[in-house]
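can't give you the sequence, but here's the structure:
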RNA sequence: GGCGGCGUAGCUCAGUUGGUUUAGAGCAGCGGAAUCAUAAUCCGCGUGUCCGGGGUUCGAGUCCCUGCGCCGCUACCA
C-alpha cells in the first residue's frame, strides 16, 4: 500500500477575537485526523491561517486604536499560542493578508473573468456618512417596518419578519449612531448559476459530502437557479483591492478559502515543494474540516471557484456541528463561553482532546459537553483504565526491563492488534467516538489480567522474578498498544510512553509487535486526575471575564458593547422609585407565566388588544392590554409573557379584564413586554 | 410549513446487510475482594412496554406506514 498524499485544512479562524472551546472542537477534530494519517505513514500536511479581512476587523482595530495590520498580527499570535498549547500542530499557519494570498486571488479572479462568470450590478445599500462606510446588515438596527418592533436587526426582526435594511424605520448605524442613508454602489457578482450542472453533480455524487449535507444543499439551493454571488465591496474595506476594478475590494469570503492555498504556498517555499503537486495533482486528496455554519461557502462557491481556476476539488468536506455545554448554547453569563486561554489556566489540554474524541462522530450533530461527564470520562477512562496499567506495573520492572521474549498473555496482545484495523477505520471515517470505545474495551480486558496474575505478590518471592517480569511485560505492552491507538488524540501520552519504554511511538503498525528485552525507565505520573473544582473554577473565571470584557452579541461584539452599557438615567428620572414595601406585601402579587393563545384588536379602542392567556391546562384569562400601538396581535400568539394573575377582575368598556401583563416603557409604541427565558412553562409562578 | 435527524437500562450511548441464544457496554448505584497503582483495580448484581400503534416476514430494536415527543437547519419557494 503506497502512502496517500493528503492536504488537510481547518476553517480559518476570524482575526476578531480569541479562540474558545467551541472553535477547538474543529481544530482538535482535524488535528487528530492529521496525526492519525501521519502515524499511518501517509504524507499529510495540515494547513491553516487567520482570516483577516472585512468590516469587523476594521471596527475592532479602530476601537483598539491600532492599524488593521497591527491588530491582525496581534490576534494571530494569540491564536497560534492557543493552538500550540492544545497540541494542534499545523504544518503552516498563514494569514489571508499575505502577498501569496493576494497573488492567488488574482489568479482565481482572472479565471472567473475568462470564464465570463463575473458581471457588474448596482446595489443599494445603507451608508454611514459619519463612519464613511457602507453598512453590512448586522451593523444596522431600527424599527421593523411590519410590526414596528424597535431596535431590530438589519434584515429580520424578533417577530420573524424579514426585510432589507433600507426598509427599516428609523435606522441607526451601530458603528456611529448616525442615521444611515441609502446609496448606490456598483458591485461585482459571480454568476454561479452557470456552474449549476457541475455543482449538482459534485454535491450529489455521494463521495464528497455527508449525505445530510447533500440533501440540505439540494433542498435549499440547488433546486432552483443559483443566485449571483456578490463578491465585491466598495472602499473603505480592509482587504485586497480588485486589480481591474479600482476602489472595489474582494469580499472576505472570496479571499478566505484561497487562504488555504496561500498557506500551502508558504509551506512549499519553506520545504522546497511545488504548489501544483498539492493543489493541481490527481494524486493529492484535499480534506476540509468546517463547521455547519459555513457549509455553503465551502460546498458551492468554493468548488465553483476551484473548478473554474483549475485547482483540485475537495476530496471531502467534513462538516461538524456546534458545541453546546450542558445541553445549551455556550453562554457568557453562565460561564460556559470558555476561551482557550481560560481553559488552560485551569485544566490540561489532553482532557479536552480526549473528551471531544469520545464524543465526536462523523455526522454534523452538535456536540454536547457535559461537565460531570467530562470529569468522569477522563478520570475513569484515561487515568483509571489506561494509565493505571503502566503505573501499576512499570516500577516492578524498572531494573530488569522487559522480558526477552513476549510471554503468553492468553491472546490479549494479538486481540488488541487485530482490533487495530477497525480502530483505524473509525479514525479514517471521523468516528472517533467509536474508536475510543473500542480502545477502552481493550483496556477493560487488560486490567483483569494484571489483577489475576498479582504482580505485587510475585515480587515477594525471588523465585518468581521471571514470572513477575513476564506479567509486567504483558501489562506494559498492552498499555503501549493503547497509547499507540490513542496517540492521535493524546500525543503527550504517546511521548511519555516512548520515554518510559525507551522507544518513541512513530507508526501505527508498532501496535502489532510487542516490545521485548528493552529497559524500562522510572515511572513518572502521566496525567493528573481532573478535579471538579478546577472545572468549576474555569466556569467561574469565564463569568468574570464576561463582566470585564463583555459583549452580549457575538457578531457585533465590539460594535455594540459601548451602546449596551452606556445606559441613560432618563427612565429613572421619568419614573422615580416608589416607597419601600415588605416582602409580605410583595408576595401578595401572584405573578405567573402565561401563554398568549389568542390576540385581537379591540377595534373601537384606541390602545387595547384583547388577549386570551393560558396558564396551562384549561385555565384561561381574558386580559385587555394597552399595547395596541406597539404590537401586532398576530405576532403575540404563542408567546410567553408574565401576568399578574390574582388581580381583581376589572370591568372595562369593552369587557372584563382578568389580570395584567408585565411590560415596561413610557407607552405608545414604546412598550416592551417581558418574556421568560427558554424553558419557562405557562402556569409557573414567578418568585 | 418544509428538510434532515433523533427517541434502546438512572445517565451517556453500542447494536454492522432483519435470524448466535431469555437485547448489550461504560458511568452512576448496591454487595464483596484486593491493597501493586493517581481513594486507581477486580468480581457479582439490570422484571429495560428497545417512544406508541399498525404492517411486511418463518423471524424486526433492525425494513414499511402512521401517531407522539425532542433537536438542528430553513422558511409567505422547495
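Now that the structure is in, tell me what you want to look at. Note that the structure is predicted; figures quoted are calculated from it, not measured.

what's near enough to touch residue A:379?
Contacts for residue A:379 (Cβ atoms under 8 Å, 6 or more residues apart in numbering) come out as A:529-530. All C-beta atoms are positioned from the backbone trio N, CA, C, and that covers glycine.

I'd like the domain boundaries of chain A, if you could list them.
Annotated domains of chain A cover A:5-106+A:250-320, A:117-248, A:348-512, A:574-673 [automatic domain parsing].

Check those for me: which has the lowest mean pLDDT.
Among the domains of chain A, domain A:574-673 has the lowest mean pLDDT, at a mean of 74.

can you tell me the distance between the two ends of stretch A:680-687?
12 Å (Cα to Cα, to the nearest Å).

which residues touch it?
A:590-595, A:614-617, A:619, A:640, A:642.

Over to stretch A:591-603?
A:608-616, A:620-621, A:624, A:628, A:631, A:633-634, A:636-645, A:654, A:661-662, A:676, A:680-686.

Next: stretch A:231-240.
So stretch A:231-240 is contacted by A:52-55, A:57-58, A:61, A:68, A:101-102, A:105, A:118, A:132-134, A:185-190, A:241-242, A:245, A:247-252, A:254-255 (Cβ under 8 Å, 6+ apart).

out of these, who's near RNA strand B?
Checked against RNA strand B using Cβ under 7 Å from any atom of the strand, the contacts of stretch A:231-240 yield no neighbours at all.

Mind checking which of the residues you listed land in helices?
A:55, A:57-58, A:61, A:68, A:101-102, A:105, A:252, A:254-255 (DSSP state H).

which of the contacts of stretch A:591-603 are buried?
A:608-615, A:621, A:624, A:628, A:631, A:633, A:636, A:639-645, A:661, A:682, A:684, A:686 (16 or more other Cβ atoms under 10 Å).

Those residues in strands, which ones?
Among these, DSSP state E puts A:609-614, A:621, A:624, A:640-644, A:661 in strands.

Now tabulate these in a markdown table and tack on distance to residue A:508.
Formatted as a markdown table, these follow (distance: Cβ to Cβ, whole Å):
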| residue | distance to residue A:508 |
| --- | --- |
| A:609 | 68 |
| A:610 | 71 |
| A:611 | 66 |
| A:612 | 66 |
| A:613 | 64 |
| A:614 | 61 |
| A:621 | 68 |
| A:624 | 73 |
| A:640 | 54 |
| A:641 | 60 |
| A:642 | 60 |
| A:643 | 64 |
| A:644 | 68 |
| A:661 | 64 |
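
so how many other residues sit close to residue A:122?
Neighbourhood size, residue A:122 [other Cβ atoms under 10 Å]: 9.

quick one, what contacts the closest residue in space to it that isn't next to it in sequence?
Among residues not flanking residue A:122 along the chain, residue A:184 sits closest, at 5.1 Å (Cβ to Cβ, 6 or more residues apart in numbering). Residues near residue A:184 by Cβ under 8 Å, 6+ apart: A:122-125.

Most neighbours out of these, which is it?
Going by other Cβ under 10 Å, residue A:125 tops the contacts of residue A:184 with 22 neighbours.

Bridged to it, which residues?
Residue A:125 has the following beta-bridge partners by DSSP bridges: residue A:183.

same deal with residue A:121?
Bridge pairing for residue A:121 - DSSP bridges - gives residue A:187.

ok, back up a step: and which of the ones in strands among the buried ones among the contacts of stretch A:591-603 is nearest residue A:480?
residue A:640 (57.3 Å; Cβ to Cβ).

how about the residues of the stretch 151-300 of chain A near RNA strand B?
A:160, A:162, A:211-212, A:215-216, A:219-220, A:223-224, A:292.

again, only this time at 6 Å
A:162, A:212, A:215-216, A:219-220, A:223-224 (Cβ under 6 Å from any atom of the strand).

again with the stretch 501-650 of chain A
Near RNA strand B, when you scan the stretch 501-650 of chain A using Cβ under 6 Å from any atom of the strand, you find A:525-529.

Quick check: PyMOL command selecting the buried ones in these.
Listed next is the PyMOL selection for buried residues among those, using 16+ other Cβ under 10 Å:
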select buried, chain A and resi 526+527
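
Rebuild the residues of the stretch 501-650 of chain A next to RNA strand B as TSV, extending it with pLDDT and secondary structure.
Compiled in TSV, those are given as follows (pLDDT from 0 to 100; DSSP: H, G, I helix; E, B strand; the rest coil):
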residue	pLDDT	secondary structure
A:525	91	coil
A:526	94	coil
A:527	93	coil
A:528	90	coil
A:529	91	coil
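
Check the residues of the stretch 501-650 of chain A next to RNA strand B and tell me the two furthest apart.
Top of the distance list for those (Cβ to Cβ): A:526 and A:529, 11.2 Å.

wait, what's in contact with residue A:444?
residue A:385.

and it, what element?
helix A:432-453 (DSSP states H and E).

Please see if that helix touches RNA strand B.
Yes - using Cβ under 6 Å from any atom of the strand, helix A:432-453 reaches RNA strand B at A:444, A:447-448, A:451.

By neighbour count, sort out the buried ones in those.
Buried among the residues of helix A:432-453 next to RNA strand B (16+ other Cβ under 10 Å): residue A:447.

pretty sure residue A:389 is in contact with residue A:447, am I right?
Yes - Residue A:389 is in contact with residue A:447 according to Cβ atoms under 8 Å; the separation is 6.6 Å.

Next, please give the residue ranges for the helices of the stretch 151-300 of chain A.
Assigned by DSSP state H, counting those that start in this stretch, the stretch 151-300 of chain A shows helices spanning A:196-204, A:211-217, A:252-271, A:275-279, A:295-296.

who does the longest one touch, helix- and strand-wise?
So that's helix A:252-271. Applying 3 or more Cβ pairs under 8 Å, 6 or more residues apart in numbering; DSSP states H and E, we find helix A:252-271 packed against strand A:5-10, strand A:43-50, strand A:92-95, helix A:99-114, helix A:275-279, helix A:302-309.

any chance of those in JSON lines, with mean neighbour count too?
Compiled in JSON lines, these are given as follows (neighbours: other Cβ atoms under 10 Å):
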{"stretch": "strand A:5-10", "mean neighbour count": "24"}
{"stretch": "strand A:43-50", "mean neighbour count": "25"}
{"stretch": "strand A:92-95", "mean neighbour count": "22"}
{"stretch": "helix A:99-114", "mean neighbour count": "18"}
{"stretch": "helix A:275-279", "mean neighbour count": "18"}
{"stretch": "helix A:302-309", "mean neighbour count": "21"}
